[in-house]
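Novice: next comes the sequence, and after it the predicted model I'd like to discuss.
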Amino acid sequence: MTEPDPLQISRGCIQAPAGCGKTHLIAESLKRCTTEKPILVLTHTNAAVAALRQRLDKGAVPRSSYRLATIDGWAMRLVGMFPLRSAADPSILELSSLGTDYPAIKRAALCLLQGRHIDNLLAANYSRLLVDEYQDCLSAQHRIICELARVLPTCIFGDVLQGIFDFGDTQVDWNAEVLQDFPLVSELSTPWRWNLAGAGSLGQWLLDLRPTLLSGGQIDLTTAPSELEWVPIAGDQDFEKILAATHGMSKDIESSLIICSSRNRQRQQQIAQFTNGASVVENADLTDLVSFARRFDFASPNATAELLNEAASVLRGISATEMMARIVSLKAGTNRKPATAQEMAALSFDAEKTPQKAAALLSALSNQSGVSAFRGEVFRNLLKALHASASASDFADMVLKAREERRFHSRALGKKSVGSTLLVKGLEADQVVIVDTHEMNAKNLYVALTRGAKRVVVCSASQYLPAT
Amino acid sequence: MPKIVYLNIQNFRSIKELSWKPNHGMNCLIGGGDSGKTTVLDAIDYCLGARRSAQFSDYDFHKTDTSESIRILVALGALEPSLLSIDAYGDYFCGYNPATGKFEDEPGHGLETTLVLRLKVEKDLEPQWSLLSKRAKAKGIERNLRWEDRQTSSPLRLGDHPDWHLSWRRGALFERLTDEKLALTEGLSDAARKARADFGSTANKELTDSLDVVKKSADELGVPTAGAVHALLDANSVKFGTGAIALHDANNIPLSSLGTGSKRLLVAGLARKVATSASIALVDELETGLEPHRIRSLLNTLGAKDTSASQQVYATTHSPVVLRELNHTQLTLLRVDKTTGKHRAHSASESAQGLLRSNPEAFLAKRVIVCEGKSEIGFIRGFDQHSCGLGNVSMEALGTVLVDGGGAKKVLSPANELLRLGYNVSIFMDSDVPLEAADEEAFITGGGTVFKWPNQCALEDAIFRCATGPVIAALLDYAVSLPNGNKVDAQICTASRNQFNLAQAKNWAETNTLQPATAAILGQAARSADGWFKRIAPYEHVAKNILAPSYSSLHADLTGITTALMNWAWGHNDRT
């Protein structure tokens, strides 16, 4: 089947199974495009924007040939430019209450577009529109894209089987809405990711199981090619086998993704903590760090203990309770064993509770042999925020600032990364180790299985998945 | 291509304030001297021109009052794609409703998307260009047009120095015609080197003595010369800058030595070829250096005859030849409102169209007398010529133009239009077919003046009823001397129902025994179908050579109106 040409599609959808060269197709199209006006490329998350931009830069696609943004970010910008026509309360742009502001921004953008107030501007600014990851669209976003498609030739990319976000009835319905408004033009069918990694038969097997998963059937792991290893486990507490699987990394494997439960974040942290060299993939909101920043009081008498507890929750090889006991006795002068460098730093913070001392303490802790971060992103951003704080009162703001900056950077994966399907969607590694299959439905399972280009390891009690 | 939809000038040179919505094509500005026509062109040029800075002095401020800043605001519509860039100008777009002439803060459905650019100069004399937008201001941001956009929206000035555009230099039309590039530097440097080599030591031979003196002095002072001193071409003076390549004709004569008119015509023609990048043209004194037929060429080239003009043109003129070619919509009259001191741009209406064709001079005058017909024109001219003969300034020199209204029924429409445009207007007509009382009342209330004879009479009636015997005798002699003079006797017989003839009338006149009733009948005869004097030249003669010399002998019914009329024509009662 010849590859479809997105630049020839005036209004339609290209169905893109995982690993079939969708991003490559987008990059090549942008590169090929010779119109004077750039192509508007919209996707869903800031991380996806960053990842796509990195890909495009790598492919030497001139930045002048496209404008890349998230649907919400782009909508927000337009509403900010034309508040009157959007009939929007300007306060929604401050995003002080995320739950209601984002929906309000989408409504405002829709009002602006439906009023046809900027049709001429759209036509003058963009030659066409490409939308990635369409299966993740909310209905409100779909209506915005439909308005744009009235003015701009539009090609959307998506795969219903990768639609693992579930926002209930606000999610766009693939068959009833998407394919009605954007007729299916083509489906990509070459498993490039695996072909390029020398695991073509795995790629083909993954393509072949799509109809089964789409129709609600079960797949049999024993029918898979040799690149897939089934590790039968007794249950989700079978740590011996699970940790053996997550530790394992053969020579030709440079990166490994470990996929756990989406529902239980403790589980991801636990697996990461006990898997050497592993680090958790954090969510975009850095929820734990932000709640620590809001909770932490430099002036509190318990500040030292709380900071040590936080350190222990992100660094492996630290015992907060032992260390606290030492600090207490060192302060009381009842301990003969001299203080270590780390303990000196802790005493120093205890005496003068400033962000600088806190940063010094954390650095000292992480520099010990045998200590490493299993929540590297939380640790780095915590340190960054402390360094950036001139005083204790700045700390919470600096954490939020670090979080916002992080939104616009693509996530670089470590050697071993632990996350849920929601967090690793769009990422890929040489190897994927799937831990909690009992919680995964067909879509989650498909997303998880397609993350490894060379090797797939599945820890599961049953050979038939998804579990019923 | 960008066009100006609205212009506002404040405190710039002769203009205290002007608000104007020009049309999309030709805008021909007229107005008396110092009415600010060129100031308008300069304002557009300063505001939109692609210049990084501009020299301002205190004299550029209205009445040199630097406490009020100069503000020139231009709203650009018909924006091209680069000016519609959301990334660059999203916070600055406004919506303009051409139907209501109103601006809205944001673009909208059915509105024209515009950008508002303002040049502000305060007393530090530093020009500041910025885009205006309430929402950008609320966000605390400010920006100017991007440099490349300034270049594309920069107006083309067809001024006194069109030569500039005929050389290859950045921004010149010659350079903007096509995408062709000229790799100047290398070739020119080679040419310079070659010139130095060819010239060689030519100068040495003629300057041997001088060179010897230099050499000796240098040696004596121990200044090193490596053994010799030569007179060669200085590399610094044999250097070609921009503009080194210029257009020449087949005889290698530079096109810049063409006449001003030809150059401007050519440059305007080139501008049309690059209308993509020069969509606004500023033309000072459109008629400069051009014969009437070439004025028409230039107007055509500037798109004055196109219904959908690609170029927006701002021109000034003092030439009726130009005006005659224009549509009334293309004409804008600048005037200062006496009460507010502000400028107003008046657009001509449809009722000006006929006048533009028949009497374009009227639009260039200070005062206009709309005459009922040719007789009235001749009558006024005759008195004016008589006055000139006495050494007074002529009515024409004082800026008064006479317009042939073409009959009593037709005088009102052009007179009212001229009055609306702010001219001093009067009507000079007979009173036998009077104006509607309400129309006349409205005209006078609006500032117009009506000169008409008392007692429902025509010009001839007034003259013959008010003239003394010798004057009537002279009129009769003159009537007989005219080409239709052989009909005069019959006309008198008819008018008097054969009660008397020419010879009798003349006899009574010479002996000063003419009865008033007889004089009235002569008046009737004079205005019968083939009237005796009913053209311009005969009436000029009547007024100049017959009536004026005996003016004191004429009855007040004639001289009262005539004196008032001529005083008006000489500008003694101007309202503006």
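Specialist: Now that the structure is in, tell me what you want to look at. Numbering: from 1, shown residues only, chains lettered A, B, ... in the order given.
Novice: I'd like the average pLDDT over the helix or strand encompassing A:Glu404.
Specialist: Using DSSP states H and E, A:Glu404 sits in helix A:395-407. Helix A:395-407 shows a mean pLDDT of 90.
Novice: buried sites along that helix?
Specialist: By 16 or more other Cβ atoms under 10 Å in any protein chain shown, the buried positions in helix A:395-407 come out as A:395-396, A:398-400, A:402-403, A:406-407. Where C-beta positions appear, they are placed from N, C-alpha and C, glycine not excepted.
Novice: following it, which helix or strand comes up?
Specialist: Next along the chain after helix A:395-407, taking DSSP H and E as the criterion, comes strand A:416-419.
Novice: other residues contacting that following strand?
Specialist: A:246, A:249, A:255-260, A:268-269, A:271-272, A:275, A:277-281, A:424, A:427, A:429 (Cβ atoms under 8 Å, 6 or more residues apart in numbering or on different chains).
Novice: among those residues, which lie within helices?
Specialist: Cross-referencing these against helices under DSSP state H gives A:246, A:268-269, A:271-272, A:424.
Novice: which residues of the stretch 51-200 of chain A lie near chain B?
Specialist: For the stretch 51-200 of chain A, the contact set with chain B under Cβ under 8 Å from any Cβ of the partner chain comprises A:67, A:77-78, A:80-85, A:115-121, A:124-125.
Novice: what about A:Gln162, how many neighbours?
Specialist: 21 (other Cβ atoms under 10 Å in any protein chain shown).
Novice: hmm, it is touching A:Gln15, no?
Specialist: No - with contact defined as Cβ atoms under 8 Å, A:Gln162 does not count as touching A:Gln15 (10.5 Å).
Novice: on that earlier part again, give me the helices and strands touching the helix holding A:Glu404, please.
Specialist: If you count contacts as 3 or more Cβ pairs under 8 Å, 6 or more residues apart in numbering or on different chains; DSSP states H and E, helix A:395-407 packs onto helix A:287-295, helix A:376-388.
Novice: and of those helices, who's closest to A:Glu229?
Specialist: helix A:376-388 (27.3 Å; Cβ to Cβ).
Novice: relative to helix A:395-407, how tilted is that closest one?
Specialist: Interaxial angle, helix A:376-388 versus helix A:395-407 (axes from the mean of the first three to the mean of the last three Cα atoms, to 10 degrees): 130 degrees.
Novice: mean pLDDT and distance to chain B added to the helices and strands packed on helix A:395-407, as JSON lines?
Specialist: Supplementary listing: these in JSON lines, determined by pLDDT from 0 to 100; distance: least, Cβ to the nearest Cβ, whole Å:
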{"stretch": "helix A:287-295", "mean pLDDT": "93", "distance to chain B": "27"}
{"stretch": "helix A:376-388", "mean pLDDT": "95", "distance to chain B": "24"}
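Novice: I'd like to know the phi and psi angles of the closest residue to A:Ala123 other than its chain neighbours, please.
Specialist: Leaving aside its sequence neighbours, A:Ala123 sits nearest to A:Val151 (Cβ to Cβ, 6 or more residues apart in numbering or on different chains; 5.5 Å). Phi and psi for A:Val151, reported as degrees, to the nearest 10, are phi -100, psi -40.
Novice: touching, A:Glu306 and A:Phe298? I think so.
Specialist: No - with contact defined as Cβ under 8 Å, A:Glu306 does not reach A:Phe298; the gap is 9.9 Å.
Novice: just the closest residue of chain A to chain B, please.
Specialist: A:Ala124 (3.6 Å; Cβ to the nearest Cβ).
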